[in-house]
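**Student:** sequence plus predicted model, see below.
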Amino acid sequence: MTSVAEKVIKPKLGLIELAKQLGNVSQACEVMGYSRDSFYRFKQLYETGGAEALQELSRRKPNVKNRVPEHVEQAVLDIAIENPAFGQLRASQELLKRGIIVSAAGVRSIWVRHDLEVLKKRLKALEAKVAQDGVLLTEEQVKLLERTKQEKEAHGEIETQHPGYLGAQDTYYVGHIKGVGRIYQQTFIDTYSRVAFAKLYTEKTAITAADALNDVVLPWFESQEIPLLRVLTDRGTEYCGKPESHAYQLYLAIENVDHSKTKARSPQTNGICERFHRTMKDEFYSITFRKKIYHSLEELQIDVNEWIRKYNEFRPHSGRYCYGKTPMQTFLDSKHIAIEKDCDRLAVKSDSVIHLT
C-alpha cells in the first residue's frame, strides 16, 4: 500500500475506531468532520472488504500506452533514491548521460505516480530502503539525511517509536496567586501516545524538575511495566548544568534515562509541550480562575489532576499516532510495541554480556 493510499485510509479508520470508542456515531462524526452517511458507507466498505476497500477509487483509467517502458521507469525511480536532492530537470539530464531519454515532465509524472515528487518523500523512501535492505549509503546521501534530521528537529518534528521511547518535559508559568506566590507547572508528555502529567510548584529549580519525574511520571510508567528511555527538555537552568552536581541530571543518570536537549534558541523543538500548554490555558486555567478563588497550591493541584485525567481518558486527540483516540487508549493499544522492543533490547544486552564473559 502506498503512502498516498495510507493517508486516504487513516482518517476513515480513525472515524470508525473513534465511533467504537465513544459509542456515539454522531459525536465521532462531529469530531472527525464527516457526515453520518459517510460513516455508514465507510463502515460497510470496511466490513466487506477490509481497510483496502476504503481507498478512493477514481473513475479515470490511466492510459498505459502513454507510459514509458519499464526499464526507463525503473531508472527514474532508482535515481530518486540514489540522489534524492536532484530535481526533475537534473534527474532528466543525469539519465541522458546514461543513455536514457526521458523529459523532466516525464520524470515528475513517474515520481508522482510512486509518491516521490518532493524531496521529503524521496528522503523517506531512502531511509526505508536502508532500513529494509541494509544498503550502504554514499557520503552525499549521509550528509543529506543528517541535514534533513537537523531541519526536522529545528521545526519541532520529533522521532518517536513507541510509548516510553521519548518524553517531553517543560516548565510553564501559571501565574501569581495572592497568599501563595508564583505558580510553576512541571509538564511531562509521552510523545507517542500524548499521555500528559502536570505537577505544580512555587519555584522553578532542578529539584522540582526531578521531583515531578520521581513523584508522578516514573512511578506511573513502572506501574505500566514500560521503561522511560529518554527525556527531551529545553536548555533552562532547571534541566541543564554540571552533570556531577546538577540535581536533575544526576537523577536521570541514577534512573538510567537519557537526556536530549532542544536546539539553542529553538523553543519550537519542544512544540508538543508548547501546544499542550496553550490547550490547558484555554480549556482549564482561563476558565477555572474566573470561576473559583484558590487559597493554596494543593487546592489548585486537585483540580489540575482532574482536568488531566479527563484530558488523558476522555478527550479525543489528533496526535500523529492517536487517530482520534484518547491519549490513554492510544497508550494502551500501543503498549505491546514498547514491551516487544524492551524484550529485544534485553536480549541484545544479555548476548553482549555472554560474549564478553
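**Tutor:** Structure received. Numbering: from 1, shown residues only.

**Student:** the residue located most distally from the centre of the chain sits in which helix or strand?
**Tutor:** No residue in the chain sits farther from the centre than G99, which is 43.0 Å out by Cα atoms, centre = their mean. Under the criterion DSSP states H and E, no helix or strand holds G99.

**Student:** got the contact list for stretch 242-250?
**Tutor:** The set of residues external to stretch 242-250 that reach it, using Cβ atoms under 8 Å, 6 or more residues apart in numbering, is T205, A206, I207, A209, A210, E238, Y239, C240, G241, A253, H259. No exception for glycine: its C-beta is placed from N, CA and C like everyone else's.

**Student:** quick check on these: which are buried?
**Tutor:** A206, A209, A210, E238, Y239, C240, H259 (16 or more other Cβ atoms under 10 Å).

**Student:** and those residues, which of them are in helices?
**Tutor:** Counting by DSSP state H, the buried ones among the contacts of stretch 242-250 place A206, A209, A210 in helices.

**Student:** what mean pLDDT would you report for the host helix or strand of S38?
**Tutor:** Using DSSP H and E, S38 sits within helix 36-49. For helix 36-49, mean pLDDT rounds to 85.

**Student:** got it, and stretch 325-343?
**Tutor:** 88.

**Student:** over to stretch 241-259?
**Tutor:** Mean per-residue pLDDT for stretch 241-259: 93.

**Student:** before we move on, what about stretch 308-318?
**Tutor:** Stretch 308-318 comes out at a mean pLDDT of 92.

**Student:** begin at 34, not 1, for the rest of this chat.
**Tutor:** Taking 34 as the first residue, the last one we looked at is stretch 341-351.

**Student:** which positions in that stretch come out as buried?
**Tutor:** By neighbour count on 16+ other Cβ under 10 Å, the buried set for stretch 341-351 is I341, Y344, N345, P349, H350.

**Student:** for those residues, work out which two are farthest apart.
**Tutor:** Within the buried residues of stretch 341-351, I341 and P349 form the most distant pair, 15.7 Å apart (Cβ to Cβ).

**Student:** where in this protein is pLDDT low?
**Tutor:** For the chain, the stretches with pLDDT under 70 are 34-38, 89-99, 163-171, 173-174, 178-191, 297-302, 376-390.

**Student:** would you map out the domains in it?
**Tutor:** 36-87, 97-187, 200-367 (automatic domain parsing).

**Student:** most tightly surrounded among those?
**Tutor:** Among the domains of the chain, ranked by average contacts under mean count of other Cβ atoms under 10 Å, first place goes to domain 200-367 (a mean of 17).

**Student:** measure it end to end?
**Tutor:** Using Cα to Cα, to the nearest Å, the end-to-end distance of domain 200-367 comes to 15 Å.

**Student:** same check on stretch 233-248?
**Tutor:** 12 Å.

**Student:** now what about it, what contacts it?
**Tutor:** Residues outside stretch 233-248 that contact it (Cβ under 8 Å, 6+ apart): 202, 204, 206-207, 213-219, 221, 230, 232, 264, 266, 269-272, 274, 279-285, 288, 290, 330, 333-334, 337.

**Student:** now, these that are in helices?
**Tutor:** A280, Y281, Q282, L283, Y284, L285, L330, L333, Q334, V337.

**Student:** so the nearest residue to the last one once chain neighbours are set aside bridges to which residues?
**Tutor:** Think V337. Among residues not flanking V337 along the chain, A231 sits closest, at 5.6 Å (Cβ to Cβ, 6 or more residues apart in numbering). Note on A231: beta-bridge partners by DSSP bridges are T220.

**Student:** wait, what's in contact with A231?
**Tutor:** Counted by Cβ under 8 Å, 6+ apart, A231 has contacts Q218, Q219, T220, F221, M313, V337, I341.

**Student:** how does it look with 6 Å?
**Tutor:** Under the criterion of Cβ atoms under 6 Å, 6 or more residues apart in numbering, the contact list for A231 reads Q218, T220, V337, I341.

**Student:** what's the closest of these to S256?
**Tutor:** For these, the residue nearest S256 by Cβ to Cβ is I341; the value is 16.0 Å.

**Student:** re earlier: can I get the domains of the chain in JSON lines with distance to K374?
**Tutor:** Shown next, in JSON lines, are the domains of the chain (distance: least, Cβ to Cβ, whole Å):
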{"stretch": "domain 36-87", "distance to K374": "22"}
{"stretch": "domain 97-187", "distance to K374": "15"}
{"stretch": "domain 200-367", "distance to K374": "9"}
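
**Student:** which of those sits closest to Q194?
**Tutor:** With respect to Q194, and counting by Cβ to Cβ, the nearest of these is domain 200-367 at 7.2 Å.

**Student:** and that closest one, how far from the chain's centre?
**Tutor:** 17 Å (Cα atoms, centre = their mean, to the nearest Å).

**Student:** cool, and stretch 353-373?
**Tutor:** 11 Å.

**Student:** appreciated, that's everything.
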